[in-house]
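A.B. asks: here's a sequence, model it:
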Amino acid sequence: MYLPASYYGVKVTKLEPLSSATVEAVVALVVARQRALAVAQPLISPHVDAEFLASALLSAASDVLVALQARQVVGHLRGTTLENEVFGKSVWINPEGLTYDTTDILATLYSELGARWLANDATRHFVWVPTNEVDREPWLELGFSFMHQRGTLALSKVTPLSLPNGYTIRRGSLDDLDAAIELDLIIQRAQEQGPSFSLNFPNSQQRNEWTETLEDPDVTHLFVESNGLPIAQCATFALPQRLGSFPETVHLSAVSVRDDHQRRGIARAMVSFALHHARSQGFIYGETNWRVTNRYAAHYWTNFGFTPTYTRLQRRVGTD
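C.D. replies: Now for the predicted structure:
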């Protein structure tokens, strides 16, 4: 004899596509969740543009699934399918794309949407979740693993430091394209080492990407030089609006120092200069990302003062 799940005290979760009838409840869940996160971690922004979020979700309604129990919305999941040289066809879930009360609700949502993604040959799945056990554990139970860490720093805590004698700092230009690419390869070689083992990373677009970076007037690219030769670099730019980040945030990236000039305080002085300059332009917070398996980077950025706020988890579905 068949007995319904409710007979055993299990709440039945119903799934349905997002609609104008449920979008308001979904947005309310996101707003409540974001406010709670900000109370626990002040470096996470509580702000949610409810009208914009509702419009964005409805415009992508075919990618959004809503979970209901007893006709009440108890969660949602949205994944965006993208295809690029690095990850192939993959699905990305941003912080505004998920709410759930329990791991079972998330599992139900992911089972349905995940099957659709796989049917579309998207076998790599990525999700950004707040850096706390409660938010990460459900995804780990579904087979996801750690990938990247996002950290945030209040720029008021940054003290400008002087470069060692013999080093100078200047802004880069398109004339520095080859030097920028050479320094960028330092990061790639570091990621190829254990325990990261990020192998066969494609870089056919590297020259085009660096050309765009050096030509962009909104990007501040800095070189540190020794005897007239670039030996270190970093780049900063205004962070586009996204859930969890404050609007006055500058993003820091591409930090690298030549091997024979490391451990002299060059990176710390260069980064402090870049962030102090950003503060003079009106930015209040700084953000950067690092690979979780890169233990040197993890220790470096947390020791610098960046506090983990969001973690990117990943899953590759299949037997390979």
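A.B. asks: for the stretch 201-320 of the chain, just list every one of the strands.
C.D. replies: 219-226, 229-238, 249-257, 285-291, 307-316 (DSSP state E, counting those that start in this stretch).
A.B. asks: out of those strands, nearest to L82?
C.D. replies: The minimum distance between L82 and those falls on strand 307-316, with 13.7 Å, by Cβ to Cβ. Yep, even glycine has a C-beta here, placed from its N, CA and C like the rest.
A.B. asks: how far off strand 285-291 does that closest one point, in degrees?
C.D. replies: In terms of direction (axes from the mean of the first three to the mean of the last three Cα atoms, to 10 degrees), strand 307-316 departs from strand 285-291 by 40 degrees.
A.B. asks: and strand 307-316, what does it pack against?
C.D. replies: Where contact means 3 or more Cβ pairs under 8 Å, 6 or more residues apart in numbering; DSSP states H and E, strand 307-316 is packed against strand 124-130, helix 133-141, strand 145-154.
A.B. asks: tell me which of these is the most buried.
C.D. replies: strand 124-130 (a mean of 22; mean count of other Cβ atoms under 10 Å).
A.B. asks: and that strand, which strands flank it?
C.D. replies: strand 88-93 (parallel), strand 307-316 (antiparallel) (DSSP bridges).
A.B. asks: next, the angle helix 133-141 makes with the last one.
C.D. replies: Put simply, strand 307-316 runs at 10 degrees to helix 133-141, going by the same axes, to 10 degrees.
A.B. asks: do the same with the first one
C.D. replies: With the same axes, to 10 degrees as the criterion, the two stretches strand 88-93 and helix 133-141 enclose an angle of 150 degrees.
A.B. asks: pull the CA atoms of strand 88-93 into CSV?
C.D. replies: The C-alpha coordinates for strand 88-93 follow below in CSV (Å, rounded to 0.1, in the frame of the first residue of the first chain):
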residue,chain,number,x,y,z
GLY,A,88,32.9,25.4,-21.4
LYS,A,89,29.1,25.3,-21.0
SER,A,90,28.4,25.8,-17.3
VAL,A,91,25.7,27.1,-14.9
TRP,A,92,26.2,30.0,-12.5
ILE,A,93,24.1,30.6,-9.4
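A.B. asks: partner strands of the helix or strand following that strand and their direction?
C.D. replies: Later in the chain than strand 88-93, the nearest helix or strand by DSSP states H and E is strand 98-100. If you go by DSSP bridges, strand 98-100 pairs up with strand 72-78 (antiparallel).
A.B. asks: got a list of contacts for the strand it pairs with?
C.D. replies: 13, 18, 22, 25-26, 29, 57, 60, 63-68, 93-94, 96-101, 105-106, 109-110, 113 (Cβ atoms under 8 Å, 6 or more residues apart in numbering).
A.B. asks: would you mind listing which of those residues are buried?
C.D. replies: 13, 18, 22, 26, 29, 57, 63-68, 93-94, 96-100, 105-106, 109-110, 113 (16 or more other Cβ atoms under 10 Å).
A.B. asks: sorry, back to before: want to throw the helices and strands packed on strand 307-316 into a markdown table with distance to P247 and mean pLDDT?
C.D. replies: Formatted as a markdown table, the helices and strands packed on strand 307-316 follow (distance: least, Cβ to Cβ, whole Å; pLDDT from 0 to 100):
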| stretch | distance to P247 | mean pLDDT |
| --- | --- | --- |
| strand 124-130 | 18 | 98 |
| helix 133-141 | 23 | 96 |
| strand 145-154 | 13 | 97 |
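A.B. asks: now S45. Nearest residue, chain neighbours left out?
C.D. replies: F246 (4.6 Å; Cβ to Cβ, 6 or more residues apart in numbering).
A.B. asks: to G143, which of the strands of the stretch 201-320 of the chain lies closest?
C.D. replies: The closest of those to G143 is strand 307-316. By Cβ to Cβ, the value is 5.3 Å.
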